[in-house]
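>>> sequence unknown, structure follows:
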Ligand SMILES: Nc1nc2c(ncn2[C@@H]2O[C@H](COP(=O)(O)OP(=O)(O)O)[C@@H](O)[C@H]2O)c(=O)[nH]1
Ligand SMILES: [Mg+2]
């Protein structure tokens, strides 16, 4: 059997789908930003005025810390308060095959049973800067679609995840009493990026000790903004969930009142512009300005790679200046 | 234009691997999921005991190209057509449907005339599913 070709909708059709709140339209739109589809920018432009109403909460931490379990209970907690949530769960792609096994839905049983929760699994596709762009755009789409709560779940291991956390309103770092997570988190830069620390699996021994450990590390923290809280919970048993939700609320309030939220959203927009600009240049330069050919020729002449790069950069900048005048 | 900063952000085939029904064994499904990952697919694994509605909801939300169902419980003639029907009702009939598990040949023939692209019987080599899907999507 041959496959019927998958008909790509137009921008107008997707916008209509958004207006009618059709989940399929949101899902396809996210694929567009994920795949770098040609008309994704046009779509995002058209929806821009509808964004800015959602709260974005990041959940990060080591694999197995209980992020998905916590997402599930948070999503239900919000649903009971009348706020529907969208969850975007990001997991690594295999660096060798580009494939990915995305298992976050396994723990999302309960939330999925509640109508109205949107869950999307994304593979990071081996990309650093690109991932935070794609997740940011996916969050914009969920925002425009009308979800008041958006959760971004990432596995906190590398720079890409730190970048994603820098692009949310409240970044929650989830740790557990097991296996020296505290130290690991510091290494990954998560102590700087966290707005709230959750010690999950408080039903296991050592939760209070970890809480104190984190607090003493935070005392030394120099990042701007209000001091993060540390709360303990057991996502699996449902204990302390309310504390986590309330701590998130409190953080939002403090950030809003201090003006820190606005600063952060501006910083986020600037970082996004910069990234798109750099990404656009990077994508264009190598392919369109015959850079590869020039570089090869210079190499064959025995020039030093760094010197070739400097020379080519100069050429590019000259062209940019010419355009300016 | 929407520019990604990395050319690796390009289209990948997405497949939902799900287990409908009540049987409690997902080893086979996990092996298939891992092998598809190793062949470069993005596999969304949903776990055990999914109802047809949950499966179709997940497929819609995840915008997948393929749904692969693993079923060992014997209730395939009840559950598999239901998944297909719901997909059509949702306007998701572009999604390629495949299934595997303990499905007798006679049933497989019926399912393959009714919306299932391919039924993989017991003893299917792990790589055969990826081979088949790659062939379907080769442009
Ligand atoms: N004991 C205990 N186990 C938990 C708790 N929360 C999650 N888990 C378990 O930890 C494992 C990993 O959870 P998951 O949410 O998938 O972690 P993630 O990788 O951070 O998303 C699962 O087996 C959960 O059932 C908890 O509060 N206490
Ligand atoms: Mg998870």
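Structure's in. What do you need? All of these numbers come straight from a predicted model, not from anything done at the bench. Ligands and ions are numbered 1, 2, ... in the order given.
>>> of all of chain B, which residue lies closest to ligand 1?
residue B:47 (10.6 Å; C-beta to the nearest ligand atom). All C-beta atoms are positioned from the backbone trio N, CA, C, and that covers glycine.
>>> For the residue lying closest to that residue once chain neighbours are set aside, give me its contacts.
Residue nearest to residue B:47 in three dimensions, not counting chain neighbours: residue A:106, with 3.8 Å by C-beta to C-beta, 6 or more residues apart in numbering or on different chains. For residue A:106, the contact set (C-beta atoms under 8 Å, 6 or more residues apart in numbering or on different chains) comprises A:68, B:45, B:46, B:47.
>>> Swap in 7 Å and give it another go.
Contact analysis of residue A:106 by C-beta atoms under 7 Å, 6 or more residues apart in numbering or on different chains lists B:45, B:46, B:47.
>>> ok, and the most crowded of those residues?
residue B:46 (29 neighbours; other C-beta atoms under 10 Å in any protein chain shown).
>>> Check which helices and strands the lengthiest helix in chain B sits against.
With secondary structure taken from DSSP state H, chain B has its longest helix at helix B:76-89. Helices and strands touching helix B:76-89, by 3 or more C-beta pairs under 7 Å, 6 or more residues apart in numbering or on different chains; DSSP states H and E, are helix B:52-62, strand B:66-71, strand B:96-101, helix B:105-112.
>>> related to what we said a few turns ago, restricted to strands, list the contacts of residue A:106.
Among those, the ones falling in strands (DSSP state E) are residue B:45.
>>> From the contacts of residue A:106, list the ones also adjacent to ligand 2.
Residues of those in contact with ligand 2 (C-beta under 5 Å from the ion): none.
>>> Would you mind naming what in the stretch 1-150 of chain A lies close to ligand 2?
Residues of the stretch 1-150 of chain A lying near ligand 2 (C-beta under 5 Å from the ion): A:67, A:68, A:104.
>>> just the residues you listed now: which is nearest ligand 2?
residue A:68 (3.4 Å; C-beta to the ion).
>>> tell me the contacts of the nearest residue to that closest one once chain neighbours are set aside?
Distance criterion C-beta to C-beta, 6+ apart; nearest residue to residue A:68, sequence neighbours excluded, is residue A:107 at 3.8 Å. The contact partners of residue A:107, by C-beta under 7 Å, 6+ apart, come to A:68, A:69, A:72.
>>> In these, which residue is surrounded by the most others?
Neighbour counts for those, by other C-beta under 10 Å, peak at residue A:72, which reaches 26 neighbours.
>>> Let's verify that residue: helix, strand, or coil?
What DSSP: H, G, I helix; E, B strand; the rest coil gives for residue A:72 is helix.
>>> so what's it scoring on pLDDT?
Predicted confidence (pLDDT) at residue A:72: the value is 88.
>>> measure it to residue A:287 for me?
Using C-beta to C-beta, to the nearest Å, one gets 44 Å for the distance from residue A:72 to residue A:287.
>>> Now do the residue positioned nearest the centre of chain A, the pLDDT please.
The centroid of chain A falls nearest to residue A:164 when counting by C-alpha atoms, centre = their mean (3.5 Å). Looking at residue A:164, its pLDDT is 78.
>>> Against residue B:114, how distant is it?
Distance from residue A:164 to residue B:114, by C-beta to C-beta: 43 Å.
>>> which residues sit against stretch A:236-246?
Applying C-beta under 7 Å, 6+ apart, the contact partners of stretch A:236-246 are A:66, A:69, A:73-74, A:77, A:198, A:202-203, A:231-235.
>>> By neighbour count, which of those wins?
Result: residue A:198 is most packed of the contacts of stretch A:236-246 (other C-beta under 10 Å), 30 neighbours.
>>> So what are the sheet partners of the helix or strand that contains it and their directions?
Secondary structure from DSSP states H and E places residue A:198 in strand A:196-199. Paired neighbours of strand A:196-199 in the sheet (DSSP bridges): strand A:170-175 (parallel), strand A:229-232 (parallel).
>>> Touching the first one from outside, list them.
Outside strand A:170-175, the residues that touch it by C-beta under 7 Å, 6+ apart are A:57-61, A:65-67, A:70, A:156, A:165, A:181-182, A:185, A:190, A:193-200, A:210, A:248, A:251-252.
>>> what do you get for the shortest one?
The contact list for strand A:229-232, computed with C-beta under 7 Å, 6+ apart, reads A:196-199, A:202, A:207, A:211, A:214-215, A:240, A:243-244, A:247.
>>> All set now, cheers.
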